[in-house]
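S.K.: Could you look at this predicted model? Sequence included:
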Amino acid sequence: MDFKKTTDFIHELYGNQDFVPLSVPVFIGNEKKYLNECIDTTFVSSVGKFVDRFEDDIAKYTGCKRAVVCVSGTNALHISLMLAGVERGDEVLTQALTFIATCNALSYIGAEPVFIDVDRDTMGLSPTAVRKWLEINAEIKDNQCFNKNTRRRIKACVPMHTFGHPVHIDELTTVLNDYHIELVEDAAESIGSLYKGKHTGTFGKVGALSFNGNKTITTGGGGMMLFNDEELGAYAKHITTQAKIPHRWEFRHDHIGYNYRMPNINAALGCAQLEHIEEYVASKRETAKAYEEFFKNVPDIEFFTEPENCRSNYWLNVVILKDKDAQQEFLQFTNDNGVMTRPIWELMNRLPMFEHCQNDGLKNTTWFADRVVNIPSSVRIK
Ligand SMILES: Cc1ncc(COP(=O)(O)O)c(C=O)c1O
């Protein structure tokens, strides 16, 4: 197949750079000003005004009651799962089509993933597939859900809003409520993405965002937990900051805590980035529109568009090739010609740590893994 027109188009879209990366940050606002302020005042570490401000700003932006910042999205997921009541030996329903962090976080607790298929229109966890699997494998006892085969409790479900595209969260919530399963959203990739006007990550008990360098906004590294329950949020703050009882000079701790707090200097970057998020999302959506129009005229390559009733942040744009051979050919040509592209992550059920875990056959998941390629998606504002 001839992919030259595609690489030419992408080079032009990104101002004819020699090499077009997949996703890099942009700094157009108050980043330097706020970072200098941290240095000038010496508040670069675990105390400082930007930490509180970043949490408040994110809560306001996403519409949740309380946001609690962490040093990474993976940490945020770890604590989110703990606060959803997940314990050692529990099972957690999630997708095999995700980044390793989703599964690592639940493994830290000693829980085990069960991999359920994704939907073709969202690339995220399928409520229909979840219900089907639960109908066959689950039973309710004393308002808790158990796996009939393994006898383990099924405590939580972690959908992931893949590449920024929201899953069918209303339908998923209905299924999970029927089975007494907690919803914890992995919204690491979906800041700025809305489902029926509501921000992703705010539908369940807890949602987790990531601010890693390749995300829509970055703090260098970082994450955030989103809560609708203020008390639970306050508790999350406590245990992510070493569970120290507030006092001017005494050091007393009332719980096993974690040093997951984000330094002020990273939060300062986050505050500056968040001031421009709507411009970033608009730019990413414009890029997606340009791709959509372009790929309409390219045979055998389909551009993946946002699901209905959603606003996707189009964190990473996706094309779908006709089969695995075409996918490999496309990856080779684009990477040889100055355009960074990559396939989907190796599916979780194929990794040695998780290959023994239960799955439902993963028909759509495998279909995507053989065809999806991510193409350059950075914000186009300088
Ligand atoms: C789906 C998903 N979950 C979790 C994470 C973890 O975030 P972090 O890299 O901030 O730990 C990421 C991104 O890196 C991700 O893409």
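M.R.: The structure has been received and is ready for your questions.
S.K.: For the stretch 201-350 of the chain, give the residue positioned nearest to the ligand.
M.R.: residue 210 (3.4 Å; CB to the nearest ligand atom). Where you see a C-beta, it was placed from the backbone N, CA and C, and this is true even at glycine.
S.K.: again, but for the chain
M.R.: residue 73 (2.5 Å).
S.K.: what's the closest non-adjacent residue to that residue?
M.R.: In space, residue 73 comes closest to residue 210 once its chain neighbours are excluded; the distance is 2.8 Å by CB to CB, 6 or more residues apart in numbering.
S.K.: Just give me the neighbour total for the closest residue to residue 258 other than its chain neighbours.
M.R.: Closest residue to residue 258 apart from its sequence neighbours, by CB to CB, 6+ apart: residue 240 at 5.4 Å. Neighbours of residue 240 under the rule other CB atoms under 10 Å: 23.
S.K.: same deal with residue 23?
M.R.: 20.
S.K.: Which secondary structure elements does the top helix by length along the chain sit against?
M.R.: Taking DSSP state H as the criterion, the chain has its longest helix at helix 277-295. The helices and strands touching helix 277-295, judged by 3 or more CB pairs under 8 Å, 6 or more residues apart in numbering; DSSP states H and E, are helix 4-13, strand 301-303, strand 317-321.
S.K.: before we move on, the earlier item: let me know the distance separating the residue of the chain closest to the ligand from residue 49.
M.R.: 23 Å (CB to CB, to the nearest Å).
S.K.: and what of residue 350?
M.R.: 45 Å.
S.K.: which of the residues in stretch 173-189 are buried?
M.R.: For stretch 173-189, the neighbour count (16 or more other CB atoms under 10 Å) marks 173, 175-176, 179-189 as buried.
S.K.: Do you know the pLDDT at the residue nearest in space to the middle of the chain?
M.R.: Centroid-nearest residue in the chain: residue 188, 2.2 Å away (criterion: CA atoms, centre = their mean). Listed pLDDT for residue 188 reads 98.
S.K.: what are the bridge partners for the residue nearest to it when sequence neighbours are not counted, then?
M.R.: Nearest non-adjacent residue to residue 188, counting by CB to CB, 6+ apart: residue 210, 3.7 Å away. Beta-bridge partners for residue 210, by DSSP bridges, are residue 223.
S.K.: these two touch, right, residue 210 and residue 70?
M.R.: No - with contact defined as CB atoms under 8 Å, residue 210 does not reach residue 70; the gap is 9.5 Å.
S.K.: anything in contact with each of the two?
M.R.: 76, 222-223 (CB atoms under 8 Å, 6 or more residues apart in numbering).
S.K.: Most neighbours among these, which one is it?
M.R.: Going by other CB under 10 Å, residue 76 tops the shared contacts of residue 210 and residue 70 with 35 neighbours.
S.K.: helix or strand for it, which one?
M.R.: In the assignment (DSSP states H and E), residue 76 maps to helix 73-83.
S.K.: near the ligand, which residues of the chain show up?
M.R.: 72-74, 77, 98-99, 101-102, 160, 186, 188-189, 210, 212, 223 (CB under 6 Å from any ligand atom).
S.K.: Go again with 5 Å.
M.R.: For the chain, the residues in contact with the ligand (CB under 5 Å from any ligand atom) are 72-74, 99, 101, 160, 186, 188-189, 210, 212, 223.
S.K.: just the helices in the chain please.
M.R.: 4-13, 31-41, 49-62, 73-83, 100-109, 127-137, 169-178, 230-240, 264-274, 277-295, 324-336, 363-369.
S.K.: quick one on the thing from earlier: tell me which of the helices and strands packed on helix 277-295 is the most buried.
M.R.: strand 317-321 (a mean of 23; mean count of other CB atoms under 10 Å).
S.K.: Which strands border that one, and is each parallel or antiparallel?
M.R.: strand 301-303 (antiparallel), strand 372-375 (antiparallel).
S.K.: contacts for that strand?
M.R.: 123, 163, 287-288, 291, 295, 300-304, 327, 329-330, 368, 371-377.
S.K.: which of those count as buried?
M.R.: 123, 163, 287-288, 291, 295, 301, 303-304, 327, 330, 368, 371-377.
S.K.: So residue 144 sits against residue 182, correct?
M.R.: No - contact between residue 144 and residue 182 fails when scored by CB under 8 Å: they sit 10.7 Å apart.
S.K.: okay, and the common contacts of the two?
M.R.: residue 155.
S.K.: Number of residues surrounding the residue nearest to residue 188?
M.R.: A count of nearby residues for residue 210, using other CB under 10 Å, gives 30.
S.K.: what's the closest non-adjacent residue to residue 45?
M.R.: The nearest residue in space to residue 45 (CB to CB, 6+ apart) is residue 263, at 5.2 Å.
S.K.: Identify the residues contacting the one you found.
M.R.: 44-46, 48, 51, 71.
S.K.: Just name the closest of those to residue 276, please.
M.R.: Using CB to CB, residue 51 comes nearest to residue 276 of the contacts of residue 263, at 19.7 Å.
S.K.: now the closest one, nearest residue through space, not along the chain?
M.R.: Spatially, and ignoring its direct neighbours in sequence, residue 51 is nearest to residue 267 (4.5 Å; CB to CB, 6+ apart).
S.K.: Thanks a lot, catch you later.
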